[in-house]
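In: coordinates for the following, if possible.
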Amino acid sequence: MTTQDDRGATALARAHGLFTMASGLWPLLHLQSFEKVFGAKTDRWLERTVAGLLVGIGWTQVRAASAPGGAGHARRLGVSTAATLLAVDLVYVPTGRIRPVYLLDAAAQAMWLRAWRARAVRPEPPTTRTGAAFAAAAALAAGCATGAVLAARVLRRRPDSGEAELTQARYLRHPAAR
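Out: Here you go, the predicted structure:
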């Protein structure tokens, strides 16, 4: 495998950076609409921290794209961010900690990982590329389906009142500190 540092990688770095910046700006600019879609959060400071970090990561990707050798830096930053967000989505949706709508974010993060993977590897011969694309699409579909099934099972369970209370109040020791 050899890394390609061409216009395609630069365009991908900018696109991923803009997507990541938009993801971070939304809760910073209009928290009410963000929470309407993704659910109310108990730790607003943490929500703002993550949003700020996403804006910074996206800005860094956009800026790195135009620097010599910057596409490689943008790729490493993009892959690590997308992998982290994908893991969080796939771990916490099935447990019910975050809403199933985060599976849409998981699909987007998986697509960014796939896009970076495609930019990092020289094209394969056409006969094997079709099989690899089909295998990747099948793996993504299976992962999303598994996540959806797990989320549906968790949502169907009715926790006893003690468990629900514990989950909601886990970090609310000092509500006035918000």
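In: does residue 25 sit in a helix or strand, and which one?
Out: Assigned by DSSP states H and E, residue 25 falls within helix 7-29.
In: show me where pLDDT drops low in this structure?
Out: Residues of the chain meeting the criterion pLDDT under 70: 1-6, 121-178.
In: just the helices in it please.
Out: Using DSSP state H, the helices of the chain run over residues 7-29, 31-38, 44-65, 70-92, 102-120, 126-156, 161-168.
In: returning to what we had before: tell me which other helices or strands the helix holding residue 25 touches.
Out: helix 31-38, helix 44-65, helix 70-92, helix 102-120 (3 or more C-beta pairs under 8 Å, 6 or more residues apart in numbering; DSSP states H and E). No exception for glycine: its C-beta is placed from N, CA and C like everyone else's.
In: who touches it?
Out: Residues from elsewhere that reach helix 7-29, judged by C-beta atoms under 8 Å, 6 or more residues apart in numbering: 33-35, 47-48, 50-66, 70-71, 74-75, 78, 81-82, 105, 108, 112, 115-116, 119.
In: buried ones among those residues?
Out: Among these, those classed as buried by 16 or more other C-beta atoms under 10 Å are 34, 47, 50-51, 54-55, 57-58, 60-62, 64-65, 70-71, 74-75, 78, 81-82, 105, 108, 112, 115-116, 119.
In: alpha carbons of stretch 98-106, in PDB - could you do that?
Out: Coordinates of the C-alpha atoms in stretch 98-106 are reproduced here as PDB (Å, rounded to 0.1, in the frame of the first residue of the first chain):
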ATOM      1  CA  ILE A  98     -27.900   7.800  23.400                       C
ATOM      2  CA  ARG A  99     -30.800   7.800  20.900                       C
ATOM      3  CA  PRO A 100     -30.900   5.500  17.900                       C
ATOM      4  CA  VAL A 101     -30.600   8.500  15.600                       C
ATOM      5  CA  TYR A 102     -26.900   8.400  16.400                       C
ATOM      6  CA  LEU A 103     -26.800   5.300  14.100                       C
ATOM      7  CA  LEU A 104     -27.100   7.900  11.200                       C
ATOM      8  CA  ASP A 105     -23.900   9.500  12.500                       C
ATOM      9  CA  ALA A 106     -22.400   6.000  12.700                       C
END
